[in-house]
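> Below is the structure, and that's it, no one-letter string:
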């Protein structure tokens, strides 16, 4: 279906990015805008997809991300772990028969846990294909909902989501810390101190209130509160995530401004990391899925 | 100063409650409105206090709560623990000399922790005076910022704040769980299941995302999400709080709709509790402070 070239689309909640991929699997054009899933009315997806074709060419399209959620174009039901290229390709849903296919998300369920992802799976498998993530490794994919992902023989065996980015954004939107969290987060001494506190795995609600109390009592500076709080949340996240695999390096995949923070936090925890740009990984992954779609 | 009777005021962030107290220490009138500290402009506190006198009588006034914060009428600096009636009485600040005094808040600081409270200290000491809180007991004071308080010989030795109420309100205001959290929280099987999960003391950001995943994967009902999530946050809070004193009953002081939830959570943790109405405790405490103010 996609052998003669196609448009690959990473269509998320708040923006989307399309790439024109040639028969050789390389891309020669791309287009990005803010028409994320939440900004498209349910009936307007065909027109929104046509706009991508007007930018990148009249080609078949393979889409991944929240475009396949119940708030997207057509719902592509979650494929249960283990998640491989073959399983994802077998689960694609055609939004426009023979024209536009949507990659499903992944689910993980056992007695203790329930989890879902949609979009990250393409980047994760792509990173294995690119040789930057070991086929039996542990990966971390920061974002609004950070994912810790364990792979076995190149397939996604299990994963765990921590909503660190969302919690930070909520704390920044209102409440007792909001004013202080408007400053930029940097990998500073305050960030690292927050990470060390978060790594203790104590009650987050107590650590967060202490951010305010320390400033009121002259034990910390207001201008350090944003970096400290980010470090605290990421440290708690890393504490949970590193328990998924007790040794070995961790590949951190995603937007560079976030992978930097997570890599610094894992360094504080004594763990080796490798940072990978999520965009390159997405392209490597979507090409492999396209090859397998019947 | 207050021997011939006075007006006791519990003046918080969003509302205030005044009581006319006679020479015998009993109250015979009260008045409540929504003129919390955040709704009074900085220069308007004298007029707002005069309004209370117009309702309750032209008497001296003893005020506690956020009215003594840097956003209140006059800042009453925190008194360091241990917090006793004598220490609080010695630390009152006169907003209107000889007419209106403000009870200070308490601070706690050691190598590991920094914490502050403002308003709860009156209720806590009052509960000891009323005989409903042991002089060497552990108390829990739920609210936007829940306090776990250890007492020794009737004084507040140390305390720890967990911002459980604020986190729940933030999650309810927006984000992936907000729609589901609008329903009422009840002590149901779902609440108790949330408590048991929270008591494990795992990463809260992971447990919160799982609330959503469980519903998406058909493992839980959307209508149970509010009670489960509240149970999760309170269970995590209780996990941290019970570590403050490993045995003995816990006195839970505050608004009945909140003390019920915390008592149910501690029952799940196998801990005996006694619920105490915060209003009665406030009156018992403020009378004792008034007796000691020079």
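Received the coordinates, thanks. Because the structure is a prediction, the values reported are computed rather than measured.
> Report the contact partners of the closest residue to chain B within the stretch 1-150 of chain A.
Nearest residue of the stretch 1-150 of chain A to chain B: residue A:114, at 4.3 Å (CB to the nearest CB). In this view, the C-beta of every residue, glycine as well, is placed from N, C-alpha and C. Residues in contact with residue A:114 (CB atoms under 8 Å, 6 or more residues apart in numbering or on different chains) are A:107-108, B:210, B:213-214, B:217, B:219-220.
> Of the residues you listed, which is the most crowded?
Taking other CB atoms under 10 Å in any protein chain shown as the neighbour criterion, residue B:210 ranks highest of the contacts of residue A:114 with 26 neighbours.
> so which helix or strand takes in it?
Taking DSSP states H and E as the criterion, residue B:210 maps to helix B:204-216.
> what's the average pLDDT for that helix?
Helix B:204-216 carries an average pLDDT of 95.
> repeat for stretch A:277-290
pLDDT averaged over stretch A:277-290 gives 96.
> For the stretch 1-150 of chain A, what lies in contact range of chain B?
By CB under 8 Å from any CB of the partner chain, the residues of the stretch 1-150 of chain A that approach chain B are A:78, A:107, A:109, A:113-116, A:145-146.
> okay, the residues you listed in JSON lines with secondary structure next?
Formatted as JSON lines, those follow (DSSP: H, G, I helix; E, B strand; the rest coil):
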{"residue": "A:78", "secondary structure": "coil"}
{"residue": "A:107", "secondary structure": "strand"}
{"residue": "A:109", "secondary structure": "strand"}
{"residue": "A:113", "secondary structure": "coil"}
{"residue": "A:114", "secondary structure": "strand"}
{"residue": "A:115", "secondary structure": "strand"}
{"residue": "A:116", "secondary structure": "strand"}
{"residue": "A:145", "secondary structure": "coil"}
{"residue": "A:146", "secondary structure": "strand"}
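> Let's see if you can find the most crowded of these.
Ranked by neighbour count (other CB under 10 Å), these have residue A:146 at the top, with 29 neighbours.
> Tell me where the model's unsure across the stretch 51-200 of chain A.
Judged by pLDDT under 70, the stretch 51-200 of chain A has no weakly predicted residues.
> Now name the helix or strand holding residue A:157.
When elements are assigned from DSSP H and E, residue A:157 belongs to strand A:155-162.
> on that earlier part again, would the helix holding residue B:210 count as contacting chain A?
Yes. Helix B:204-216 is in contact with chain A by CB under 8 Å from any CB, via B:204-206, B:208-210, B:212-214, B:216.
> Which strands and helices lie in contact with the helix or strand encompassing residue A:279?
Under the criterion of DSSP H and E, residue A:279 resides in helix A:278-292. Helix A:278-292 sits against strand A:6-11, strand A:16-21, strand A:61-64, helix A:85-90, helix A:120-129, strand A:250-254, with contacts defined as 3 or more CB pairs under 8 Å, 6 or more residues apart in numbering or on different chains; DSSP states H and E.
> now the angle between strand A:16-21 and the first one, please.
Spelled out, that is strand A:6-11. Here strand A:6-11 runs at an angle of 160 degrees relative to strand A:16-21 (axes from the mean of the first three to the mean of the last three CA atoms, to 10 degrees).
> residues in contact with strand A:6-11?
If you take CB under 8 Å, 6+ apart as the criterion, strand A:6-11 is touched by A:16-21, A:27, A:36-37, A:52-53, A:56-57, A:59-67, A:72, A:119, A:122, A:279, A:282-283, A:286-287, A:290.
> ok, back up a step: may I see the contacts of residue A:114 arranged in TSV, with distance to residue B:240 as well?
Formatted as TSV, the contacts of residue A:114 follow (distance: CB to CB, whole Å):
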residue	distance to residue B:240
A:107	32
A:108	28
B:210	20
B:213	25
B:214	24
B:217	30
B:219	27
B:220	25
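> Could you give me the buried positions within the helix holding residue B:210?
B:204-216 (16 or more other CB atoms under 10 Å in any protein chain shown).
> Next secondary structure element downstream of it?
helix B:225-242.
> Just the angle for that following helix relative to strand B:155-162, thanks.
Using the same axes, to 10 degrees: helix B:225-242 against strand B:155-162 is 140 degrees.
> Can you name every helix or strand that helix B:225-242 contacts?
So helix B:225-242, by 3+ CB pairs under 8 Å, 6+ apart, packs with helix A:204-216, strand B:146-152, strand B:155-162, helix B:164-173, helix B:189-199, helix B:204-216, helix B:256-268.
> roughly how far out does that helix sit from the chain middle?
17 Å (CA atoms, centre = their mean, to the nearest Å).
> what about it, average pLDDT?
Averaging pLDDT along helix B:225-242 gives 97.
> now that helix and helix A:204-216, what's the angle there?
Using the same axes, to 10 degrees, helix B:225-242 lies at 60 degrees relative to helix A:204-216.
> relative to helix B:256-268, how tilted is helix B:225-242?
Interaxial angle, helix B:225-242 versus helix B:256-268 (the same axes, to 10 degrees): 70 degrees.
> ok, back up a step: check the contacts of strand A:6-11 for burial and list the buried ones.
A:16-21, A:27, A:36-37, A:52-53, A:56, A:59-67, A:72, A:119, A:122, A:279, A:282-283, A:286-287, A:290.
> and residue A:32, what does it touch?
Shown in contact with residue A:32 (CB under 8 Å, 6+ apart): A:15-18.
> switch the cut-off to 6 Å
residue A:17 (CB atoms under 6 Å, 6 or more residues apart in numbering or on different chains).
> I'd like the next helix or strand past the host helix or strand of it.
For residue A:32, the host element (DSSP H and E) is strand A:27-33. The helix or strand immediately downstream of strand A:27-33 is helix A:45-56, counting by DSSP H and E.
> Summarise which helices and strands that following helix is packed against.
For helix A:45-56, the elements it packs on are strand A:16-21, strand A:27-33, judged by 3 or more CB pairs under 6 Å, 6 or more residues apart in numbering or on different chains; DSSP states H and E.
> okay, the ones you listed in TSV with mean pLDDT next?
TSV is the format used below for the helices and strands packed on helix A:45-56 (pLDDT from 0 to 100):
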stretch	mean pLDDT
strand A:16-21	97
strand A:27-33	96
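> I'd like the ones you listed laid out as JSON lines, including distance to residue A:135.
Below are the helices and strands packed on helix A:45-56 laid out as JSON lines (distance: least, CB to CB, whole Å):
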{"stretch": "strand A:16-21", "distance to residue A:135": "24"}
{"stretch": "strand A:27-33", "distance to residue A:135": "25"}
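> With respect to residue A:167, which of these lies nearest?
Among those, the nearest to residue A:167 by CB to CB is strand A:16-21 (25.3 Å).
> Run through who's touching that closest one.
In contact with strand A:16-21 (CB under 6 Å, 6+ apart) are residues A:6-10, A:27-32, A:35, A:52, A:56-57.
> For the contacts of residue A:114, name the two members farthest from one another.
A:108 and B:220 (15.3 Å).
> coming back round to it: and the contacts of strand A:16-21, which two are furthest apart?
Maximum pairwise distance in these, criterion CB to CB, is 22.2 Å, between A:28 and A:35.
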